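Participant: Can you look at this prediction? I've put the sequence above it.
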Amino acid sequence: MSRDRVRCVDCHEPIAADTRICPHCETVQPSPLVDVGVAVAGVFALVFGVVLALMTLGTTRLIGFLLLVVGFGLAVGGYTRHIDRQAERRAR
Ligand SMILES: [Zn+2]
């Protein structure tokens with residue numbers, strides 16, 4: 001698979017990186033802006049989770065830890081995808 005081909009988010013068929021709609025299943029591919037939004041939302045969830053986990057006890061603390069883990073995953077996932085797409089774009 002060459003660098004300017006990505007996999008469809010839905011059917012995982014290889015498609016061109018700049019294709020907005022998958023030719024196989026017609027799913028609209030997410031834009032890089034969505035990745036940034038996901039990363040920002042993740043950072044907010046992470047910070048809120050840390051505050052909850054440190055400042056509260058019991059169930060709220062548990063929710064804080066959950067937010068922390070989910071937020072971290074979203075932030076890292078969104079950021080990594082954003083970087084990947086930028087690298088793909090630069091390679092062409
Ligand atoms: Zn598809």
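Facilitator: Nice, I can see it. Model, not experiment: these values are computed from the prediction. Residues are numbered from 1 along each chain as shown.

Participant: Spell out which parts of the protein neighbour the ion.
Facilitator: Counting by Cβ under 5 Å from the ion, the chain comes close to the ion at Cys8, Asp10, Cys11, Cys22, His24, Cys25, Thr27. C-beta here means a position set from N, CA and C on the backbone, and glycine is covered the same way.

Participant: Now secondary structure and pLDDT too, for the residues you listed, in CSV please.
Facilitator: Listed next are these as CSV, based on DSSP: H, G, I helix; E, B strand; the rest coil; pLDDT from 0 to 100:
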residue, secondary structure, pLDDT
Cys8, coil, 89
Asp10, coil, 90
Cys11, coil, 94
Cys22, coil, 92
His24, coil, 95
Cys25, coil, 95
Thr27, coil, 89
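
Participant: and these, which are buried?
Facilitator: Neighbour-count burial (16 or more other Cβ atoms under 10 Å) applied to the residues of the chain next to the ion gives Cys8, Cys22.

Participant: how close does the most centrally placed residue in the chain get to the ion?
Facilitator: Centroid-nearest residue in the chain: Gly78, 2.7 Å away (criterion: Cα atoms, centre = their mean). Distance, Gly78 to the ion, by Cβ to the ion, to the nearest Å: 21 Å.

Participant: Could you pull out the buried residues of whichever helix or strand that residue is part of?
Facilitator: Gly78 is part of helix 58-91 when elements are defined by DSSP states H and E. Buried residues in helix 58-91, counted by 16+ other Cβ under 10 Å: Gly64, Leu67, Leu68, Gly71, Phe72, Leu74, Ala75, Gly78, Tyr79, Arg81, His82, Arg85.

Participant: Return the distance of the fifth one relative to Met55.
Facilitator: Right, Phe72. Distance, Phe72 to Met55, by Cβ to Cβ, to the nearest Å: 18 Å.
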